[in-house]
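Could you look at this predicted model? Sequence included:
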Amino acid sequence: MTSISSSIIKTTLLTLLSFTSLYCFYKSHHLKKKSPSISQNPNPKTNKIFYISQTGTSKTLANRLLELFNLNANHFNFDIVDIKDYEPEDLLKETLVLFVVSTWDDGMCPQTCRFFENWLNESAEDFRVGSLILSQCRFGVFGVGSKGYGESYNAVGKEFAKRLRALGAREILGLGEGDVDSGDLEQVFEVWSEKLVRVLKGGGEGNEVVGDGGGLGYKIIGSHSGVKICRWTKSQLRGRGGCYKHSFYGIESHRCMEATPSLACANKCVFCWRHHTNPVAKSWQWKMDDPLEIVNAAIDQHTKMIKQMKGVPGVKAESLLEGMSPRHCALSLVGEPIMYPEINTLVDELHSRRISTFLVTNAQFPEKIRMLKPITQDSLKALQEKDQRTVYRLTLVKGWNTEDVDAYANLFDIGKPDFIEIKGVTYCGSSATSKLTMENVPWHSDVKSFSEAIATKSNGVYEVACEHVHSCCVLLAKSDKFKVDGQWHTWIDYEKFHNLVASGKPFNSKDYMAATPSWAVYGAEEGGFDPEQLRYKKERHHHKKETVDRVGE
Ligand SMILES: Cc1cc2nc3c(=O)[nH]c(=O)nc-3n(C[C@H](O)[C@H](O)[C@H](O)COP(=O)(O)O)c2cc1C
């Protein structure tokens, strides 16, 4: 009897499950079929910024967001859409959608959005639709409302985010909330938007990003024969936003290449690293890249990238032309490559072509650093005795190291670098190897406070010299060396440097310093952005006309 009833229960359950599955399958299939607009979507690959607006506030903000994305057009392709003109079921085809939505009438959305809102609510509440129908879609919501309405403050934004999540869409940035009556709506929105851009850029948008080019304006996406394979951020060639290395030192990003000498043990010995750091183990053989080949490959790689940019909207012909003759090379000697024995030949080869060199490494092998020929800038820990410019670069991670002012001050005291770059961490998404979230990404104001605290701690040895708001980066410089008659000299006179190298006589960093332009100085209203550079602006009104405007006009 018991076994009969249990088998009945089992059969009933199985039948129910089968019906449920069949129904879910039917519903999702039906949803897709029922949606002729999906195929009508003129450009389903284009991401969307939706706005819901009655009196125009959200619409204006949405347009601002679009403008911001257009400035980063190499990363993003967005269209702006009034939600009333959108077929809700087209959402199933979207991969990235952003909403700027207002709340009205005690928590309701404006009349024009009711159809969309109903679809969203019904779909989210209908268990048959399933929680995965928007699983390919990422989204972000910014709500516009007034705190004066108490509990219904930004109710629509909150509800939208909740519904989208329930349908399987992935929220890329926490809900932004702006209060129209607070007086800071625009700032709050700007901060949220900038954060959004950073998140989306950090996510790589399909690029396999290995590094950020040390802030040199390109993303490293691989490595081959000692040369990093990079993808330029087109804004560098357009000039927009610039790079903090331009603001701080006068480096032209589009003329900067990167090379990493590779080094391997010829005996394929797993312990070779330790053996070779021991001077006694001289009999070991390294397998290494030829310095000349490294330089040629780096130039080849760089010019290839520049050529690829030809015809890209907004990229200036003069930048392409300049880019074809690189002027700087970042030599990455982080880890094993620091042992590369031919480093001085490599540096010589670059200098003979009047390509200045920036060394990026760590401080494990001070002896190797001491043996280096003059380069334009070292980036090491224990470099007190170097005559050339030395810099530490410190990445700030909120909640990890932003409180460690004393410890860092001690560290700076050991190396006494000429410069300290303090930069907010770039969010690259959370993964098994990185538990960082957007909460860990400092604001520019956090970076400024930390930098000022470090400067105070140094008792006047360091002062805040430059900032680049766009990169959340501040430069501290030794005031006795680089501040002459009250004027900062953090830039480099590259011509002078090459002439000094060619002279063969000893020289030091003061011999080739150049005045920092006023727009790059800490506290300047330009925030480190070169006003001479051009802003790329895409008009999307009728014929998608493209124009180039001057910033500040
Ligand atoms: C009659 C009225 C009702 C409103 N109700 C709410 C509300 O319930 N919650 C809220 O956060 N804001 C509320 N607001 C504030 C609006 O969201 C705010 O005015 C916003 O700027 C409108 O955006 P829009 O111009 O894009 O339509 C209300 C405003 C009005 C005039």
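Thanks, I have the structure now. Numbers count the residues shown, from 1 in each chain.

count of neighbours near the closest residue to E342 other than its chain neighbours?
Excluding its sequence neighbours, the residue lying closest to E342 (C-beta to C-beta, 6 or more residues apart in numbering) is P291, at 4.5 Å. For every residue, glycine as well, the C-beta is placed using N, CA and C. Number of residues near P291 (other C-beta atoms under 10 Å) recorded here: 22.

Regarding the protein, what is its longest strand?
strand 170-179 (DSSP state E).

Downstream of it, the next helix or strand is which one?
Per DSSP states H and E, the first helix or strand lying C-terminal to strand 170-179 is helix 185-202.

Remind me what that next one packs against, helices and strands.
helix 57-71, strand 138-145, strand 170-179 (3 or more C-beta pairs under 8 Å, 6 or more residues apart in numbering; DSSP states H and E).

What are the contacting residues of it?
57, 61, 64-65, 68-69, 72, 75-76, 96, 98, 140, 142, 144, 172-173, 176-179, 182, 426-429, 438, 441, 443 (C-beta atoms under 8 Å, 6 or more residues apart in numbering).

any idea how far the residue in the stretch 201-350 of the chain positioned nearest to the ligand lies from L120?
Going by C-beta to the nearest ligand atom, the ligand is nearest to K201 of the stretch 201-350 of the chain, at 27.3 Å. Separation of K201 from L120 (C-beta to C-beta, to the nearest Å): 28 Å.

The residue in the chain that the ligand sits nearest to: neighbour count?
Distance from the ligand to each residue of the chain (C-beta to the nearest ligand atom) is smallest for G145, at 2.2 Å. Per other C-beta under 10 Å, the neighbour tally for G145 reads 26.

Does V441 touch V447 like I think?
No. Counting by C-beta atoms under 8 Å, V441 does not reach V447; the two are 10.4 Å apart.

For the two, list the residues in contact with both.
With C-beta under 8 Å, 6+ apart as the test, V441 and V447 both reach G424.

Kindly report the residues of this protein close to the ligand.
53-58, 102-107, 110, 144-146, 149, 152-155, 180 (C-beta under 6 Å from any ligand atom).

Buried ones among these?
53, 57-58, 102-104, 107, 110, 144-146, 149, 152-155 (16 or more other C-beta atoms under 10 Å).

Now restrict the contacts of helix 185-202 to buried residues only.
Looks like those have 57, 61, 64-65, 68-69, 72, 75-76, 96, 98, 140, 142, 144, 172-173, 176-179, 426-428, 438, 441 buried, using 16+ other C-beta under 10 Å.

Show me the contact partners of the longest strand of the chain.
So strand 170-179 is contacted by 61, 135, 137-147, 153-154, 157-158, 161, 164-165, 185, 188-189, 192, 195-196, 199-200, 203, 438 (C-beta under 8 Å, 6+ apart).

Likewise for stretch 520-532?
239, 241-242, 244, 246-248, 464-471, 473-475, 488, 490, 517-519, 551-552.

again, only using 6 Å
Stretch 520-532 is contacted from outside by G242, S247, V464, A465, C466, E467, H468, V469, W488, W519, G552, using C-beta atoms under 6 Å, 6 or more residues apart in numbering.

Now do it, average pLDDT.
The pLDDT scores in stretch 520-532 average 89.

Please apply the same query to stretch 167-186.
If you average the pLDDT over stretch 167-186, you get 89.

List the contacts of stretch 157-165.
So stretch 157-165 is contacted by F99, V101, L120, A124, F139, V141, G143, L175 (C-beta under 6 Å, 6+ apart).

Now for the fourth one: which residues touch it?
To tie it back to what came earlier, the one meant is A124. R163, A166, L167.

Now the second one. Nearest residue, chain neighbours left out?
Closest residue to A166 in three dimensions, ignoring its sequence neighbours and counting by C-beta to C-beta, 6+ apart: A124, at 4.2 Å.

ok but the one you found is inside a helix, no?
Yes. Assessed with DSSP: H, G, I helix; E, B strand; the rest coil, A124 lies in a helix.

what's the pLDDT at it?
Per-residue pLDDT puts A124 at 78.

ditto for the one 3 residues further on
Confidence per residue is given as pLDDT, and for F127 that number is 53.

now do H542
34.

and the gap between T112 and Y51?
In terms of C-beta to C-beta, T112 sits 10 Å off from Y51.

So if I had to pick from those two, which one is more boxed in?
Each of T112 and Y51 has its neighbours counted (other C-beta under 10 Å); Y51 has more, 27 against 14.

Which stretches in the stretch 1-150 of the chain count as helices?
2-33, 36-40, 57-71, 114-125 (DSSP state H, counting those that start in this stretch).

Least reliable of these by average pLDDT, please.
helix 36-40 - the lowest mean pLDDT of those, at a mean of 34.

buried residues in stretch 291-298?
Neighbour count says stretch 291-298 has P291, I294, V295, A297, A298 buried, by 16+ other C-beta under 10 Å.

quick one: buried residues of stretch 81-94?
Applying 16+ other C-beta under 10 Å to stretch 81-94 flags V81, I83, K84, Y86, P88, E89, D90, L91, L92, K93, E94 as buried.

ok, now stretch 406-426?
408-409, 411-412, 415, 417-426.

picking up where we left off before, now, of the contacts of strand 170-179, which are buried?
For these, buried by 16+ other C-beta under 10 Å: 61, 137-146, 153-154, 157-158, 161, 164, 185, 188-189, 192, 195-196, 199-200, 203, 438.

Quick check: R389 touching S509?
Yes. Using C-beta atoms under 6 Å, R389 is in contact with S509, at 4.5 Å.

These two: who's more crowded?
Legend: neighbour count by other C-beta under 10 Å for R389 and S509, higher for R389 (28 against 23).

Can you spell out the domain ranges of this protein, please?
31-206, 213-538 (automatic domain parsing).

and the ones you listed, which one's lowest on average pLDDT?
domain 213-538 (a mean of 76).

For ChimeraX, write the selection for the buried entries among the contacts of stretch 520-532.
In ChimeraX, this line selects whichever of those come out buried by 16+ other C-beta under 10 Å:
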select :242,247,464,465,466,467,468,469,488,519
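
Dump the contacts of stretch 520-532 to a markdown table, plus distance to S253.
Below are the contacts of stretch 520-532 laid out as a markdown table (distance: C-beta to C-beta, whole Å):
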| residue | distance to S253 |
| --- | --- |
| G242 | 8 |
| S247 | 11 |
| V464 | 23 |
| A465 | 20 |
| C466 | 16 |
| E467 | 17 |
| H468 | 12 |
| V469 | 17 |
| W488 | 21 |
| W519 | 17 |
| G552 | 20 |
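
Who are the contact partners of A407?
So A407 contacts nothing (C-beta under 6 Å, 6+ apart).

any idea which helix or strand carries it?
helix 405-415.

could you check the angle helix 405-415 makes with the helix or strand that that helix is followed by?
For helix 405-415, the following helix or strand on the C-terminal side (DSSP H and E) is strand 419-424. Direction vectors for strand 419-424 and helix 405-415, defined by axes from the mean of the first three to the mean of the last three C-alpha atoms, to 10 degrees, enclose an angle of 150 degrees.

Check what contacts strand 419-424 and list those residues.
Against strand 419-424 from outside (C-beta under 6 Å, 6+ apart): 391-396, 442, 447, 451, 472-477.

Dig out what the closest residue to H489 other than its chain neighbours forms beta bridges with.
Nearest non-adjacent residue to H489, counting by C-beta to C-beta, 6+ apart: M513, 4.2 Å away. Judged by DSSP bridges, the bridge partners of M513 are I492.

Against I251, how distant is M513?
14 Å.
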